[in-house]
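Colleague: Here you go, sequence then predicted model.
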Amino acid sequence: MLLVNTVPVTVLFDAGATHSFVNPIVATWMGCKFEDLEVRLGVTTPIGLVYQADRIAWKCTIIILEKLFLGDLILLGI
């Protein structure tokens with residue numbers, strides 16, 4: 001569990017990922033303000049499914065061990 005925009009959320013870390021994602025339902029709890037991406041992003045899962053993402057929240061606050069980080073979270077409805 002981490003605090004994202006002051007809301008406790010369960011987080012899955014993937015050291016090989018190139019982007020950070022958030023579920024749309026969780027994003028509404030966190031009060032994130034999303035903007036449209038300039039280009040739609042195709043996200044491929046390990047089993048080969050492709051999801052389209054077209055919204056992002058810039059500079060969300062993420063607290064890890066009492067240290068503040070800013071992360072850009074892409075809305076992904078998986």
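Modeller: Nice, thanks for sending it over. Remember, predicted model here, so these are calculated numbers, not experimental data.
Colleague: so what strands line up beside the helix or strand that contains residue 36?
Modeller: Using DSSP states H and E, residue 36 sits within strand 35-44. Neighbouring strands of strand 35-44 in its sheet, by DSSP bridges, are strand 50-64 (antiparallel).
Colleague: With just CA atoms, put the strand it pairs with into CSV.
Modeller: Provided in CSV are the C-alpha atoms of strand 50-64 (Å, rounded to 0.1, in the frame of the first residue of the first chain):
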residue,chain,number,x,y,z
VAL,A,50,-3.9,-4.9,-26.4
TYR,A,51,-5.6,-2.1,-24.5
GLN,A,52,-5.9,1.5,-25.7
ALA,A,53,-5.1,4.4,-23.3
ASP,A,54,-5.9,8.0,-24.1
ARG,A,55,-5.9,9.9,-20.7
ILE,A,56,-3.1,10.9,-18.3
ALA,A,57,-2.8,12.6,-14.9
TRP,A,58,0.4,14.6,-14.6
LYS,A,59,2.5,14.8,-11.5
CYS,A,60,0.4,12.8,-9.0
THR,A,61,2.0,12.7,-5.5
ILE,A,62,3.2,9.3,-4.5
ILE,A,63,4.6,8.7,-1.0
ILE,A,64,7.0,5.9,-0.4
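Colleague: hmm, back to that, buried sites along the strand holding residue 36?
Modeller: For strand 35-44, the neighbour count (16 or more other CB atoms under 10 Å) marks 41, 43 as buried. In short, each C-beta sits where N, CA and C put it, glycine included.
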